[in-house]
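Q: structure, please.
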Amino acid sequence: VQLVESGGGLVQPGGSLRLSCAASGFTFSNYYTSWYRQAPGDERELVAGINGVGGIPYYDHSVKGRFIISRDDTKNTVHLQMNDLEYDDTAKYYCNARSSEDFTDYWGRGTQVTVSS
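A: Residues are numbered from 1 along each chain as shown. A predicted model of the protein is given here:
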């Protein structure tokens, strides 16, 4: 089982980044997928989540209107389009997949996003 994130980096305030997560080794369509983030000294927090086909996305209030989560079950990928980035968005972003049957969690190793001028 693998979740591999990519797309992080350094960006100025107001800029955009697109994170991607490639999944392998499990039946992706049976899993709810989410992006979490963790800043130094803080707890890991849920940013956005989405279910399979027809799923309604969830967004934390801090990113609603700026971030868009999407997934492609034919490619086993989930993305997070991040627009209008703010200093407080600086964190390590993690991809998560949770089984809809037994709630098994899989995590990626994370990708760093730094918003700085």
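Q: residues in contact with the most centrally placed residue in the chain?
A: Nearest residue to the geometric centre of the chain (Cα atoms, centre = their mean): Trp35, 2.5 Å. Going by Cβ atoms under 8 Å, 6 or more residues apart in numbering, Trp35 touches 19, 21, 46-49, 69, 78, 80, 93-96. From N, CA and C alone the C-beta is placed, and that goes for glycine too.
Q: list the buried ones in whichever strand or helix holds it?
A: Counting by DSSP states H and E, the element that carries Trp35 is strand 31-38. By neighbour count on 16 or more other Cβ atoms under 10 Å, the buried set for strand 31-38 is 31-37.
Q: same question, stretch 61-78
A: Quick answer for stretch 61-78 (16+ other Cβ under 10 Å): 63, 67-69, 71, 73, 76-78.
Q: report the backbone C-alpha coordinates of it in CSV.
A: The C-alpha atoms that make up stretch 61-78 are tabulated as CSV, following Å, rounded to 0.1, in the frame of the first residue of the first chain:
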residue,chain,number,x,y,z
HIS,A,61,-13.8,26.7,7.0
SER,A,62,-10.2,28.1,6.8
VAL,A,63,-9.8,26.9,3.2
LYS,A,64,-13.4,27.0,1.9
GLY,A,65,-13.6,29.0,-1.3
ARG,A,66,-9.8,28.8,-1.9
PHE,A,67,-9.0,25.1,-2.1
ILE,A,68,-10.6,22.5,-4.4
ILE,A,69,-10.3,18.7,-3.8
SER,A,70,-10.8,16.3,-6.6
ARG,A,71,-10.1,12.7,-7.3
ASP,A,72,-9.9,10.4,-10.4
ASP,A,73,-10.8,6.8,-9.5
THR,A,74,-9.6,5.6,-12.9
LYS,A,75,-6.1,6.8,-12.1
ASN,A,76,-6.2,6.3,-8.3
THR,A,77,-5.3,9.9,-7.7
VAL,A,78,-6.5,12.7,-5.5
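Q: that concludes my questions; thank you for your assistance.
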